[in-house]
Structure formats: structure tokens, C-alpha cells
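> Sequence plus predicted model, see below.
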Number of protein chains: 2
Amino acid sequence: MLGLKLRELRESNGLVQRQIAAQLEVDTAYISKVENEEKPISKIHISKLAQIFKIPEKELLKMWLADKIYELIIDEENPLDVLKSVQRQIVQNTINQDNKKMAI
Amino acid sequence: MLGLKLRELRESNGLVQRQIAAQLEVDTAYISKVENEEKPISKIHISKLAQIFKIPEKELLKMWLADKIYELIIDEENPLDVLKSVQRQIVQNTINQDNKKMAI
DNA sequence: TTACATTTGACCATTGAAGTACAAGTTTTA
DNA sequence: TAAAACTTGTACTTCAATGGTCAAATGTAA
């Protein structure tokens, strides 16, 4: 998913893989594989990519994380279920923390 | 989160760590660390644990996955946001697949 | 006290993923 | 058709996380 997005970003910026590769100082083969989702893009490249494409680093980072999670659960029977339960845990957690603060 | 759950399960079944350790054929120290969330529980033990506690393996597996995801995003600024975007991706994906099927 | 249960810290081997390179092949485009 | 762009397969290294162990310390309950 992120690979595809990166390809779109690159193309809409009128760049070829070689140029991205140069800026990240990696092989063009790596870029190709990333765009074709054969390899994950390394987190350490996110900030430079954000620069190149002139988008907020945070946004790209969020996509990067979402991608990781996606890969983790997509083969499960019921991925949305799992997401829901994580969600519940986080919400519950926040509530507990707030309660603790109130108690002080 | 899962560690705590496992502790609860163990205690509500009236078992001590040594007994769990014996069944999994690991050191009690490992069990202790798992329950205290210092180490993740290995996936390969899930099925045996489900047996021991007499709960569906699927349920435990789901918790295991949820835990992984939780660890992945909990330090982010906006973990719920990330979850939402994964959710969207999955839903979108499902729709696309359905459309493809319809086209056949 | 004694014995059992749990925790802790230090340590270590294994494994799998990440990151990368290179060469050779295929596609695209001028 | 030639050059540029891209893809693909294989292979190598490195690195962090995992999955533990052991011994010693600490807690706890009879």
C-alpha cells in the first residue's frame, strides 16, 4: 500500500527511480522493490522522502505505521475484529490514566 | 496487556508458574517475565496455553495479535488515528475485491 | 524457620528481517 | 533501434528481537 503511494508521489513529482535512489543513496533496485511492495521501505528513509515530496513527515510516518499493521493482520480471518480490540484497549487505557490523574 | 491476561487466567485456574512452565517446557523465569510484560510470549506457546486454560485457541491468538499491534503504535502521538486508517484500507480493499468478483 | 513461589539481572544463541548490491532481463520511450 | 527506465532473482551482511537459561535475591505463607 505504501509502495504504491510512494510511486504515485514520485510520478506526480515527475521523478524517476534513479533520482530517488540517488537522494536516499540506495540502489534503484531497492526503490523498485519498495514500489512493488516486495520490500518494506525503511523507516530511516521516511524523513528524506517527506522532504523530496514536500509533504509533512508526520503524514508519511503515519502511513508507514499503518502499512506495518496492515501487513501484520491482513491474513487473519477477522482483521477488523483485532483492530477493534486494540482500539478498546487504548481507549480503556486513556480512561484509566485520566482517573489516576483525578485521584491525585 | 496479554501478560496480565495470562496471569489472570493462570490464577483463576489455580495454577502456579511452575506448572505452566512445566507444560510449556520452559523456565519459570520466562513465565514470570511474560506475565510482567518484560518479554512477549512466543506464538508457538499459544495453542498449549489455550489447552491449559480451556479457552478457544482463536481467542488467544487474537489477543496475541492485538498485543503486537498495541506495542507497535502505543508510543505514537495519535494511535487511534493510525488504527482508523488501517481500518479504512481494509474496508476499501474488501469493496474492491467484491467489485472484481461482480465484474466476472 | 523452611519451603515454595516469584522476580530480577546478566547473559547468550538463534533467527528472521532489513538493507543492500549486482547482474541480467524486460519495458518503455524518444 | 538505441538508450533509459524499470524489474527481477540471487545472494550477502548486519542487526535487533526473540526466546530463552541460570543463579541469586526477594516475597510469602505455613
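Looks like it arrived, so ask away.
> Could you find the closest non-adjacent residue to A:Tyr70?
Distances taken as CB to CB, 6 or more residues apart in numbering or on different chains place B:Val86 nearest to A:Tyr70, at 5.4 Å, with adjacent residues excluded. Every C-beta, even on glycine, is put in place using the N, C-alpha and C of the backbone.
> Give me the most central residue, chain A.
A:Trp64 (0.7 Å; CA atoms, centre = their mean).
> Just the pLDDT for that one.
As predicted, A:Trp64 sits at a pLDDT of 92.
> Equivalent analysis for A:Lys54, please.
For A:Lys54, pLDDT reads 94.
> neighbours of it, just the number please.
8 (other CB atoms under 10 Å in any protein chain shown).
> got a list of what the residue nearest to A:Tyr70 touches?
B:Val86 makes contact with A:66, A:69-70, A:73, A:83 under the criterion CB atoms under 8 Å, 6 or more residues apart in numbering or on different chains.
> any idea how far B:Leu61 is from it?
B:Val86 sits 19 Å away from B:Leu61, going by CB to CB, to the nearest Å.
> again with A:Leu72
A:Leu72 is 13 Å from B:Leu61, by CB to CB.
> Check A:Ala50 too.
From A:Ala50 to B:Leu61 the distance is 36 Å (CB to CB).
> Would you mark the buried spots in the strand or helix carrying A:Ala66?
Taking DSSP states H and E as the criterion, A:Ala66 maps to helix A:57-73. By 16 or more other CB atoms under 10 Å in any protein chain shown, the buried positions in helix A:57-73 come out as A:60-70, A:72-73.
> Include distance to DNA strand C when you put those into CSV, please.
Formatted as CSV, these follow (distance: CB to the nearest atom of the strand, whole Å):
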residue, distance to DNA strand C
A:Leu60, 14
A:Leu61, 14
A:Lys62, 17
A:Met63, 15
A:Trp64, 10
A:Leu65, 12
A:Ala66, 14
A:Asp67, 10
A:Lys68, 7
A:Ile69, 12
A:Tyr70, 13
A:Leu72, 10
A:Ile73, 14
